[in-house]
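Undergrad: no sequence on hand, only this structure:
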RNA sequence: GGCCCCGUGGUGUAGCGGACUAACAUGCCACCCUGUCACGGUGGAGAUCAGGGGUUCGAAUCCCCUCGGGGUCGCCA
């Protein structure tokens, strides 16, 4: 070991000791003959002094070093001369007087600064991820992630869970996202799939009598990327036997509460986690994953404006709804600001945005206090009714969207987030966890002309709703809850189906023939026959949790080596072409692609 | 596949039709400096303004296309 201590751990207790340090040059301050080097390792930074009078050879080496050179330094820990302590540095009371110094490696001028927290173009960071990860913020994120995963393992271990690994090469099944496929060399024409989640395997582990299982599981989905979606991501996959919804929710709530208190004590959670139904969430927030750190609740205005002659309201009366919410103290918004909001709404499919700005104090007293394009189609009574439903008073701006329920809720939920951003209403130190309950089991896919699982096809329906499967499938409620936090869906949890006949019935509803069911889901159906216990579980996304705890805007910031929006690894340059030999071994032939067609012969 | 935003020395930004021979900060190089800690001082190098085409007397600036990147809709059981 080249080090006796880490740079960051030095303090006055070691004064007088001779230490061996190794690390990277964080910064060098050259005073002509006297040179200071801030030496950095994972644990922190310490100042190393090179003094010509005492150790001229060490100083000669220090003259040559540049930022990010790798040094081995031997020297004595000294208390800093009075008045030269640095309170901004954890090790600021001491310094190391260098006696020997060796350059272990050099470094070109880095493509971006390692020793300061400037914003750098993300592609450049991803290309040189090993340099990016040296920076303080990324290092902290990786350490936080480690602490989160460690906490989860300890927490679940203490409660009798065992961690079981499941295969990465599994069988492709329909439903859900596009699979990543791996061709088989020994079975020409056949493919493995990478797991979208270990869903069926963990259920089979319940049949196997594991009772309490968890896994920090890598999952793969070949869909387009988002700030909170990567082609591969990590879930805490968890399943328990002989439980009902309350058991899982209680465990989840306890785990996340303790997690925050342990890993990020500067953040707060609301205890107990609020619960709201899917219908309630849609009604009040227009989304099933509301950010509950602020109000700005939506009000239904359909009835209030039913008698108005305003075109959009009239159309909504026929086959839609009218909803809105109040942006406090935004009554002075300019035409330009309102146009921006309208553009945002249109981006989410709304035909337009109707705004009502209220002047004065309290309730409007005459139409002169009402500024709106719709003003001449509204009576004072109607405006008062609208203001009341959205809680608006003088000085506020009311944002209203009319149309199909899906569009109205979609646009307003986004406008709600936008206004919260503009008004700085979201407390950055608050993690507003909540459970959303009462999801429908199925939703009709107009595109595919069949029923689809809202969650996944293994979700159990409520016992009393099972008869509805034959009559009104859309009314059947699922034993399924979502865990949301600050506007992100962290996890779905559900009680699974543990009876073969019911599971087959669901597959049938989803439009599969008996043969397809047998071919695609035969294994789990057979397993359910062999004494499958009642069971259920959750699968929270680790990346999103760590992102929220770290206060980051994308999960890429908490993944060591993420891919970009086009699913490209910019450091390793994956994906990449493979050799004809490899293709041949895998019994694969490539279809010509456009780009090669265009290339000259 | 659609929509929106971004691309100017190594990095981060300014400039948004003429005074641009492209500015500022930082970094880099050289020299000076024994108590700094974002050390300081002096000097210097470094940019075909992402690429291509167009409009114009004149384009970093306006328009079009392409490329790269980000956000988002669709998609993501």
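TA: Received the coordinates, thanks. Because the structure is a prediction, the values reported are computed rather than measured. Numbering: from 1, shown residues only, chains lettered A, B, ... in the order given.

Undergrad: pLDDT weak spots in chain A?
TA: Applying pLDDT under 70 to chain A flags the ranges A:593-601.

Undergrad: without its sequence neighbours, what residue ends up closest to residue A:465?
TA: Closest residue to residue A:465 apart from its sequence neighbours, by Cβ to Cβ, 6 or more residues apart in numbering: residue A:476 at 4.2 Å. In short, each C-beta sits where N, CA and C put it, glycine included.

Undergrad: am I right that the one you found is in contact with residue A:468?
TA: Yes. Here residue A:476 reaches residue A:468: they are 4.4 Å apart, a contact under Cβ atoms under 8 Å.

Undergrad: show me which of the two is the more surrounded one.
TA: residue A:476 (21 against 17; other Cβ atoms under 10 Å).

Undergrad: identify the residues contacting that one.
TA: Residues near residue A:476 by Cβ atoms under 8 Å, 6 or more residues apart in numbering: A:440, A:441, A:442, A:461, A:462, A:465, A:466, A:468, A:469.

Undergrad: just the ones of these in strands?
TA: residue A:442 (DSSP state E).

Undergrad: between the contacts of residue A:476, which is nearest RNA strand B?
TA: Closest to RNA strand B out of the contacts of residue A:476 is residue A:442 (9.1 Å), distances taken as Cβ to the nearest atom of the strand.

Undergrad: which residues does the nearest residue to the closest one once chain neighbours are set aside contact?
TA: Once flanking residues are discounted, residue A:442 sits nearest to residue A:451: 4.5 Å by Cβ to Cβ, 6+ apart. By Cβ under 8 Å, 6+ apart, residue A:451 lies in contact with A:442, A:443, A:444, A:445, A:473, A:509, A:510, A:511.

Undergrad: any idea which of these has the most stuff around it?
TA: Going by other Cβ under 10 Å, residue A:442 tops the contacts of residue A:451 with 25 neighbours.

Undergrad: and it, what is it in contact with?
TA: When contacts are counted by Cβ under 8 Å, 6+ apart, residue A:442 touches A:451, A:452, A:453, A:454, A:473, A:474, A:476, A:509.

Undergrad: for the stretch 301-450 of chain A, what lies in contact range of RNA strand B?
TA: A:347, A:348, A:349, A:410, A:447 (Cβ under 7 Å from any atom of the strand).

Undergrad: again, only using 6 Å
TA: Counting by Cβ under 6 Å from any atom of the strand, the stretch 301-450 of chain A comes close to RNA strand B at residue A:347.

Undergrad: ok, residue A:240 - how many residues close by?
TA: If we define neighbours as other Cβ under 10 Å, then residue A:240 has 25 of them.

Undergrad: please name the nearest non-neighbouring residue to residue A:350.
TA: Nearest residue to residue A:350, sequence neighbours excluded (Cβ to Cβ, 6+ apart): residue A:411, at 3.9 Å.

Undergrad: quick check: next helix or strand after the helix or strand harbouring that neighbour?
TA: Assigned by DSSP states H and E, residue A:411 belongs to helix A:405-422. Proceeding N to C from helix A:405-422, the next assigned helix or strand is strand A:430-431, under DSSP H and E.

Undergrad: what's in contact with the next helix or strand after that following strand?
TA: Following strand A:430-431 in sequence order, the next helix or strand is strand A:433-437 (DSSP H and E). Contacts of strand A:433-437 with the rest of the structure, by Cβ under 8 Å, 6+ apart, involve A:249, A:253, A:256, A:269-270, A:273-278, A:281, A:288-290, A:292, A:481-485, A:490.

Undergrad: mutual contacts of residue A:476 and residue A:468, please.
TA: With Cβ under 8 Å, 6+ apart as the test, residue A:476 and residue A:468 both reach residue A:461.

Undergrad: wait, what's in contact with residue A:37?
TA: Contacts for residue A:37 (Cβ under 8 Å, 6+ apart) come out as A:25, A:26, A:27, A:28, A:29, A:47, A:48, A:50, A:62, A:65, A:71, A:98.

Undergrad: ok, which of the residues you listed also contact RNA strand B?
TA: Within the contacts of residue A:37, those near RNA strand B by Cβ under 6 Å from any atom of the strand are A:27, A:29, A:47.

Undergrad: which residues touch the first one?
TA: The reference is to residue A:27. The contact partners of residue A:27, by Cβ under 8 Å, 6+ apart, come to A:37, A:38, A:67, A:115.

Undergrad: for it, helix, strand, or coil?
TA: Classification of residue A:27 by DSSP: H, G, I helix; E, B strand; the rest coil places it in strand.

Undergrad: could you pull out the helices for the stretch 101-250 of chain A?
TA: In the stretch 101-250 of chain A, the segments counted as helices under DSSP state H, counting those that start in this stretch are A:122-127, A:129-132, A:136-158, A:199-207, A:245-263.

Undergrad: next, see if the fourth one gets close to RNA strand B.
TA: Yes. Contact between helix A:199-207 and RNA strand B is present through residue A:199 (criterion: Cβ under 6 Å from any atom of the strand).

Undergrad: show me what that helix is packed against.
TA: Here helix A:199-207 touches strand A:212-220, strand A:232-241, helix A:514-529, strand A:535-538, going by 3 or more Cβ pairs under 8 Å, 6 or more residues apart in numbering; DSSP states H and E.

Undergrad: which residues are contacting the last one?
TA: With Cβ under 8 Å, 6+ apart as the test, strand A:535-538 has contacts from A:202-203, A:206, A:213, A:236-245, A:247-248, A:252, A:460, A:479, A:483, A:491-496, A:498.

Undergrad: which SSE is immediately downstream of that strand?
TA: Using DSSP H and E, the helix or strand that follows strand A:535-538 in sequence is helix A:542-550.

Undergrad: and the contacts of that following helix?
TA: The contact list for helix A:542-550 (Cβ under 8 Å, 6+ apart) reads A:140-141, A:144-145, A:148-149, A:216, A:228, A:230, A:233-236, A:256, A:259-260, A:263-264, A:267, A:431, A:485-486, A:488, A:490, A:553-555, A:557-559.

Undergrad: tell me the spacing between the closest residue to residue A:407 other than its chain neighbours and residue A:100.
TA: Once flanking residues are discounted, residue A:407 sits nearest to residue A:349: 4.5 Å by Cβ to Cβ, 6+ apart. Residue A:349 sits 69 Å away from residue A:100, going by Cβ to Cβ, to the nearest Å.

Undergrad: swap in residue A:505?
TA: Taking Cβ to Cβ, one finds residue A:505 at 77 Å from residue A:100.

Undergrad: the two: which has the busier surroundings?
TA: Comparing residue A:505 with residue A:100 by other Cβ under 10 Å, the one with more neighbours is residue A:505, at 16 against 13.

Undergrad: part of a strand, is the more buried one?
TA: No. Per three-state DSSP, residue A:505 lies outside any strand segment and is helix.

Undergrad: for the residue nearest to residue A:407, which three-state class applies?
TA: Here residue A:349 is coil, with the state taken from three-state DSSP.

Undergrad: ok, it touching residue A:405?
TA: No. Taking contacts as Cβ under 8 Å, residue A:349 lies outside contact range of residue A:405: 11.7 Å.

Undergrad: neighbour-wise, which one of the contacts of residue A:37 leads?
TA: residue A:50 (30 neighbours).

Undergrad: now that residue. Its backbone dihedrals?
TA: Residue A:50 adopts backbone torsions of phi -110, psi 120, taken as degrees, to the nearest 10.

Undergrad: that older thread, tell me which of the helices of the stretch 101-250 of chain A sits most buried.
TA: A comparison of the helices of the stretch 101-250 of chain A by mean neighbour count, using mean count of other Cβ atoms under 10 Å, puts helix A:199-207 on top with a mean of 22.

Undergrad: ok and that helix relative to strand A:232-241, angle-wise?
TA: Orientation of helix A:199-207 against strand A:232-241 (axes from the mean of the first three to the mean of the last three Cα atoms, to 10 degrees) gives an angle of 30 degrees.
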